[in-house]
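Let me see the structure of the following:
(one chain, ligands or ions: 1)
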Amino acid sequence: MRLENVWLRYHRRGPWVLQGIDVRIGPGEAAIVLGRNGVGKSTLLQVAAGVLRPGRGRVTDRPARVGWVPERFPADQPFTVTRYLTGMARVAGLGRAAADEAVTFWTDRLGLSGFRSVRLPELSKGTAQKVGLAQAMLRPPGLLVLDEPWEGLDATTRELVPELIADVLAADGSVLISDHRGETVRLPAARRWLVADGSLSEETSSTDETIAVVEVAVPAARVAGTVARLRAEGHQVLRVRSDASTAAPQARPAEPLRSAGAARPAEPSPGAAGELAAVQPEAADPVVEPTAGETR
Ligand SMILES: Nc1ncnc2c1ncn2[C@@H]1O[C@H](COP(=O)(O)OP(=O)(O)OP(=O)(O)O)[C@@H](O)[C@H]1O
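Numbering: from 1, shown residues only. Coordinates of the predicted model:
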């Protein structure tokens, strides 16, 4: 699939959020869309998914079946989980029996079997997110677009997201993901697209793949400012956690260097006070993705 010179703004005289994006993603490839809040990551994902139409430019070779998981599942619909998913499966083109089978399979896999008769507005945010994931997977998508898929999910389901992505990639589908939680460290092979000032650049992996995870203890009141500053400096904040202990922070040796693929959010450290942020330097020297030239 290619985005060719894609421009998008929300209002006729409003600012252009996307300005001449040229990028392609091939079968079996995943790309993580990164960038600061409000820079246009969701907008880009929605254009890729076909939810938004570009004001200028076009999207070509979009797979016929697109699975789209929005940042917030629209749970204000008067259906039970089964009724909603069955309806979505039928809309996706499955016959009655195949739809029932797909709904049973995905509600089981995502731990939703106990919620089949619950109406969507009664679901917790995390459970509703799982329904959103299930509807995207009912028919194997050629393109899976996930906007902050880890948001609100419990630990068990968070582990499932990379499995679903791997399934789609193994079937030669493509996957686009936005993620401000740093969960995509679980996807070391994914490409990294950085959105800034309406443009997209691709981070290339450096020849030296080793990265360091640095734990930083700050007073709780300064967490938001510290996180914002670290992000502004181009670091990836993996996790913020509270520590109930009031003991003074203890100097601890830095974590040993490890590869990007092995990086994980740091585990709680006994003795540290306040809030802790684990940060990892972003890859240096983003390189602009070659401009798409050929059209379908
Ligand atoms: N429906 C809309 N109408 C008008 N402006 C919008 C709409 N949706 C998004 N925007 C604006 O477009 C810009 C990009 O928003 P978008 O949600 O794509 O950013 P984002 O990078 O995904 O942000 P975040 O990291 O906070 O989710 C922002 O300035 C936002 O205010």
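
going forward, measure contacts and count neighbours with C-alpha atoms only.
Will do.

Leaving out sequence neighbours, find the closest residue to M137.
Nearest residue to M137, sequence neighbours excluded (CA to CA, 6 or more residues apart in numbering): G67, at 6.4 Å.

so after the helix or strand encompassing the one you found, what's the next helix or strand?
If you go by DSSP states H and E, G67 is part of strand 66-69. Using DSSP H and E, the helix or strand that follows strand 66-69 towards the C-terminus is helix 81-91.

Packing partners of that next one?
Contacts defined by 3 or more CA pairs under 8 Å, 6 or more residues apart in numbering; DSSP states H and E place helix 81-91 against helix 96-109, helix 125-137.

how much space between G173 and the ligand?
G173 sits 23 Å away from the ligand, going by CA to the nearest ligand atom, to the nearest Å.

so the residue nearest to I165 when sequence neighbours are not counted, which of the three states?
Using CA to CA, 6+ apart and skipping the chain neighbours, the partner closest in space to I165 is V175 (6.8 Å). The three-state assignment at V175 reads strand, by DSSP: H, G, I helix; E, B strand; the rest coil.

repeat for V33
strand.

Who is it paired with across the strands?
S178, W193 (DSSP bridges).

which residues does it contact?
Residues near V33 by CA atoms under 8 Å, 6 or more residues apart in numbering: 41, 176-179, 192-195.

Pick out whichever of these sits closest to the ligand.
K41 (3.8 Å; CA to the nearest ligand atom).

picking that back up, isn't the residue nearest to I165 right next to E29, touching?
Yes. Between V175 and E29 there is a contact at 6.5 Å, judged by CA atoms under 8 Å.

what is in contact with these two at once?
L169.

The two - which one has more neighbours?
Using other CA atoms under 10 Å as the criterion, V175 and E29 rank with V175 on top: 26 against 20.

Please work out which residue of the stretch 101-250 of the chain is closest to the ligand.
Closest point on the stretch 101-250 of the chain to the ligand, by CA to the nearest ligand atom, is H180, at 7.1 Å.

does that residue count as helix, strand or coil?
Going by three-state DSSP: H180 is coil.

Surely T86 touches D100?
Yes. With contact defined as CA under 8 Å, T86 and D100 form a contacting pair (6.4 Å).

Check what pLDDT A277 gets.
Model confidence at A277, given as pLDDT, is 40.

Kindly report the same for A244.
pLDDT at A244 comes out at 57.

for V214, same thing?
Reading off the confidence values, V214 has pLDDT 82.

tally of neighbours for it?
With other CA under 10 Å as criterion, V214 counts 20.

I'd assumed I32 was in contact with W193.
Yes. W193 is in contact with I32 according to CA under 8 Å; the separation is 5.9 Å.

neighbour-wise, which of the two wins?
W193 (26 against 22).

wait, what's in contact with the more buried one?
Contacts of W193 (CA under 8 Å, 6+ apart): 31-34, 200-203.

Make CSV from these and add distance to Y10 to it.
CSV is the format used below for the contacts of W193 (distance: CA to CA, whole Å):
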residue, distance to Y10
A31, 24
I32, 23
V33, 20
L34, 21
L200, 18
S201, 22
E202, 25
E203, 27
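
restrict those residues to those near the ligand?
Checking the contacts of W193 against the ligand by CA under 6 Å from any ligand atom, not one of them is in range.

For the stretch 1-150 of the chain, which residues are neighbours of the ligand?
Residues of the stretch 1-150 of the chain lying near the ligand (CA under 6 Å from any ligand atom): 10, 17, 36-43.

again, only using 8 Å
Within the stretch 1-150 of the chain, the positions adjacent to the ligand are 9-11, 17, 34-44, 71 by CA under 8 Å from any ligand atom.
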